[in-house]
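Asker: Sharing a model that was predicted from the sequence below.
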Amino acid sequence: MQGKSRESLNRFNYLFGETEALYHEMAHKLGLSDSAMKILYTVCDTGEPCPLQEVCRRSGLSKQTVNSALRKLEREQVLYLETAGGRGKQVRLTESGRKLAESTVLRIIEIENAVFGAWAPEDVQTYLALTERFLNDVKQRAAALDSCL
């Protein structure tokens, strides 16, 4: 790997790891597991009802992890699943789930909105455009990977 590219990738990986650690710390402070926080965040960010497929896609969690976390959150009466035509399912918060979301993930969303609100609009757009470009470029190259199994 080239020197500059390697330095950039190392910095990117460091920042990505620090960001993940920060969100883990916030979830822990608010009394949530990482998976519960990501699920509640996705439902709040997307709106209700939230398709189960969307929870899996946007949370970055595996289907198995999502299903385990959903079962736990259902037992705790935080949310429930309902059928959405055919075989689809969607997630809805209970009243206590909405209260939990207000005292946890909506506070995190407020922090994120405050950060973006403090940035110049062109900086926000540049950040989002470059993040999307990076994602799309990696996705394109990842499609060419051969399985090593």
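Answerer: Received, thanks. Everything numeric in this text was worked out from a predicted model, so none of it was measured. Residues are numbered from 1 along each chain as shown.
Asker: what about the residue nearest the centre of the chain, distance to Ala118?
Answerer: What sits nearest the mean C-alpha location of the chain, by Cα atoms, centre = their mean, is Ser59, with 3.7 Å. Taking Cβ to Cβ, to the nearest Å as the measure, Ser59 falls 26 Å from Ala118. (Glycine included, C-beta is placed from N, CA and C.)
Asker: Please apply the same query to Gln140.
Answerer: From Gln140 to Ala118 the distance is 33 Å (Cβ to Cβ).
Asker: try Leu130
Answerer: For Leu130 relative to Ala118 (Cβ to Cβ), the value is 19 Å.
Asker: tell me the SS of Ser147?
Answerer: Under DSSP: H, G, I helix; E, B strand; the rest coil, the three-state class of Ser147 is coil.
Asker: Next one: it, what pLDDT does it get?
Answerer: Note for Ser147: predicted pLDDT of 70.
Asker: What about Asp123, how many residues nearby?
Answerer: Other residues near Asp123 come to 11 when the count uses other Cβ atoms under 10 Å.
Asker: same for the helix or strand containing it, what does it pack against?
Answerer: In the assignment (DSSP states H and E), Asp123 maps to helix 121-142. Packing partners of helix 121-142 (3 or more Cβ pairs under 8 Å, 6 or more residues apart in numbering; DSSP states H and E): none among the helices and strands.
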